[in-house]
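Chemist: okay, sequence plus prediction incoming.
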Amino acid sequence: MYDSLRGQFLLATRQLRDTNFFRAVVLLLEHNEEGAMGLIINRPSSVNVSHALAGHFDVPCSSDVIYVGGPVEPSALSMLHGNPSWGDRELSVIPDVYVGSSAEAFEAMVLNGGSESDDDANYRIFSGYAGWGEGQLEGEIARGDWFTLEATAPFVFHQRPYDVWDQLLREFHKQHRILPIPADRAEWN
């Protein structure tokens, strides 16, 4: 039986030497026998949406930054958001996180900044994605390059993305502690 990691975070361990994934947190959008794909959620770029899409729209675009989703197809844009009503074909990855799959939803996000009468709308636009071929991710996990942790929406849309890796790494170690509570002697932990 195949155990999919879809909807999990991959946390890059300190031993992972690929600079594309230094301190990266990847939300796995798909994982099956053929491979896996996800988006790095904690790597804002210096490019904002309006600059990236200059000339594509006649009206001003969102000034939000684009996140670097991964090294594969860096010119391809994708979106994660927290409102299923923004499109009729939105695919849920985890509770309250959807892949923006419709052109209408993407255009609404870009042009309105997600503010369609939704002041607290969560969304992120990504350039590129992370991808693994058949068995590649499983090999990297077995080698100790990645930790896995259940994904949650607050971390996907965290206001301080540079803090996400540290916070999730602490949570991972807390969940995988040998003793359930801190011991008086450090060597017991």
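Modeler: Perfect, I can see it now.
Chemist: against residue 104, how distant is the residue minimising distance to the centre of the chain?
Modeler: In the chain, the centroid-proximal residue (C-alpha atoms, centre = their mean) is residue 41; its distance is 3.2 Å. To residue 104, residue 41 is 24 Å away according to C-beta to C-beta, to the nearest Å. Backbone N, C-alpha and C define where each C-beta goes, glycine included.
Chemist: count the neighbours of residue 8 for me.
Modeler: Using other C-beta atoms under 10 Å, residue 8 has 20 neighbouring residues.
Chemist: check contacts around the residue nearest to the centre of the chain.
Modeler: Contacts of residue 41 were listed using C-beta atoms under 8 Å, 6 or more residues apart in numbering, and they are 9, 25-27, 67, 80, 124, 155-156, 158, 161, 164.
Chemist: pLDDT wise, what is it at?
Modeler: On the pLDDT scale, residue 41 is placed at 97.
Chemist: quick one: the strands in the chain?
Modeler: Here the chain has its strands, by DSSP state E, at 8-12, 25-32, 35-40, 44-48, 65-68, 72-81, 91-94, 97-99, 123-132, 146-150.
Chemist: for residue 169, which of those strands is the nearest?
Modeler: In terms of C-beta to C-beta, the element of the strands of the chain nearest to residue 169 is strand 8-12, at 5.9 Å.
Chemist: partner strands of that closest one, parallel or antiparallel?
Modeler: Sheet pairing for strand 8-12, assigned by DSSP bridges, gives strand 25-32 (antiparallel), strand 146-150 (antiparallel).
Chemist: quick check, nearest of the contacts of residue 41 to residue 145?
Modeler: Taking C-beta to C-beta as the measure, residue 145 sits nearest to residue 26 out of those, at 11.4 Å.
Chemist: how about stretch 30-49 as CSV, C-alpha atoms only?
Modeler: Presented in CSV, the C-alpha positions along stretch 30-49 are these (Å, rounded to 0.1, in the frame of the first residue of the first chain):
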residue,chain,number,x,y,z
GLU,A,30,0.8,16.0,-4.8
HIS,A,31,2.6,12.8,-4.0
ASN,A,32,2.0,9.5,-5.6
GLU,A,33,3.9,6.6,-7.2
GLU,A,34,5.0,8.8,-10.1
GLY,A,35,6.6,11.5,-7.9
ALA,A,36,5.8,14.5,-5.9
MET,A,37,5.3,18.3,-6.3
GLY,A,38,5.0,21.1,-3.9
LEU,A,39,5.6,24.8,-3.2
ILE,A,40,8.2,26.4,-0.9
ILE,A,41,6.0,28.5,1.4
ASN,A,42,8.7,30.5,3.3
ARG,A,43,10.7,32.2,0.5
PRO,A,44,9.4,35.6,-0.5
SER,A,45,11.1,37.0,-3.5
SER,A,46,12.0,40.7,-4.2
VAL,A,47,9.6,40.8,-7.1
ASN,A,48,6.1,42.0,-6.5
VAL,A,49,3.0,40.9,-8.5
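Chemist: lovely, talk soon.
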